[in-house]
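I'll drop the sequence and a predicted model, then ask my questions.
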Amino acid sequence: MIVEILSGAVRGGTSILYAGLGESVSERSGVINLGTEGAMLVGALGGYAVTAQTGNPWIGVLGGAAAGALLSLVHAVLVVSRGANQFASGLTLFFLALGLTSLFGTGYVSRQINAFTPVKVPVLGDLPVVGPVLFQHDPLVYVAFVAAPLVWWVLFRTRAGLLLRTAGERSDALVVHGYSVTRVRYVATVVGGALAGVGGAHLSIAYANSWFEGMVAGRGFIAVALVIFGMWNPITIAGGAYLFGAALSLASVLQAGGVAVNQFALDVVPFVLTLVVLAVLGKRTLLAAPDELLKVLDNSTSR
């Protein structure tokens, strides 16, 4: 049962990991996107629809990324160019995504697709415990193993990452050196939305292998909280994503094992865990927050 929970943690936490990485990129530039849940929703439908039309799940992933990026582009226009409240914009786009996916997703509810299937890594997949936990998953899980350190490397070891972090820490320094803060934040927000869209696509074409209304079920909001929990560090965010993945997989594993536990009680475990983590960490995590992000929080609080 422990092995099943750990394996479920990796598989179930992958979609949250993609969304968390995307949100960390966006917030590092100084833009909070509470519409991450919406980006995951349109990514889930976009990935499923494109896969249904093309028969290729990899093209479906690109479709999910494009859908998430497009929704986040709207967020960038509103908050970066028009100066709208970041929290209000993000929540509004979430409800927009909820309505759009409900409207256009009805034709795909019972549609069969050529979804991703688990691929066992030779040799490593046969190892006891480690094999089923890490090396018997769908391809997007393995891509996620690389994505977290790759995002960390881009953020902290490349010029592009330096520009992005400067936009979130000292935006005036970018202006002095002739760079456009607007352009950097646009790119970061759109890339963040694309990664959230990939997370949504993983849900529909690799995890559940189906589309149904509201299937993201709060994972996008957990991803936003996870960025705070992970102190805006992609590696820590990865660990947190798998922790929340374990909470999500707990219900199905216990039911399969014949343990009599209330289903609805188990469904709230991930969200209770989110609240507990945020309550324990309190304001300590804000010390690691980008300065421009703190200004957004202060302005919203003062209002």
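Here it is on my side, so go on. Note that the structure is a prediction, hence the values are computed from the model and not measured.

can you show me the helices along the stretch 101-250 of the chain?
Here the stretch 101-250 of the chain has its helices, by DSSP state H, counting those that start in this stretch, at 130-134, 139-157, 159-169, 171-176, 181-202, 219-229, 234-256.

which helices and strands sit right next to the fourth one?
This means helix 171-176. Here helix 171-176 touches helix 159-169, helix 181-202, going by 3 or more Cβ pairs under 8 Å, 6 or more residues apart in numbering; DSSP states H and E. Where you see a C-beta, it was placed from the backbone N, CA and C, and this is true even at glycine.

comparing those by mean pLDDT, which bottoms out?
Set side by side, those give their lowest mean pLDDT on helix 159-169, at a mean of 94.

returning to what we had before: ok, which of the helices and strands packed on helix 171-176 comes nearest Leu96?
Nearest to Leu96, of all these, is helix 181-202, at 13.2 Å by Cβ to Cβ.

in that closest one, what's buried?
Buried residues in helix 181-202, defined by neighbour count with 16 or more other Cβ atoms under 10 Å: 181, 184-202.

so which elements touch it?
With 3+ Cβ pairs under 8 Å, 6+ apart as the test, helix 181-202 has helix 2-28, helix 36-54, helix 57-76, helix 139-157, helix 159-169, helix 171-176, helix 219-229 packed against it.

which residues does the strand or helix carrying Ala279 contact?
If you go by DSSP states H and E, Ala279 is part of helix 269-281. The contact list for helix 269-281, computed with Cβ atoms under 8 Å, 6 or more residues apart in numbering, reads Gly218, Ile222, Ala225, Ile228, Phe229, Leu243, Phe244, Ala247, Leu248, Leu250, Ala251.

quick one: stretch 87-99 to chain centroid distance?
For stretch 87-99, the gap between its own C-alpha mean and the chain's C-alpha mean amounts to 16 Å (Cα atoms, centre = their mean, to the nearest Å).

buried stuff in that stretch?
For stretch 87-99, a neighbour-count test (16+ other Cβ under 10 Å) marks Phe87, Ser89, Gly90, Thr92, Leu93, Phe94, Leu96, Ala97, Leu98 as buried.

any weak-confidence spans in the stretch 201-303 of the chain?
Low-confidence segments of the stretch 201-303 of the chain, defined by pLDDT under 70, are located at 255-264, 282-284, 286-287, 297-303.
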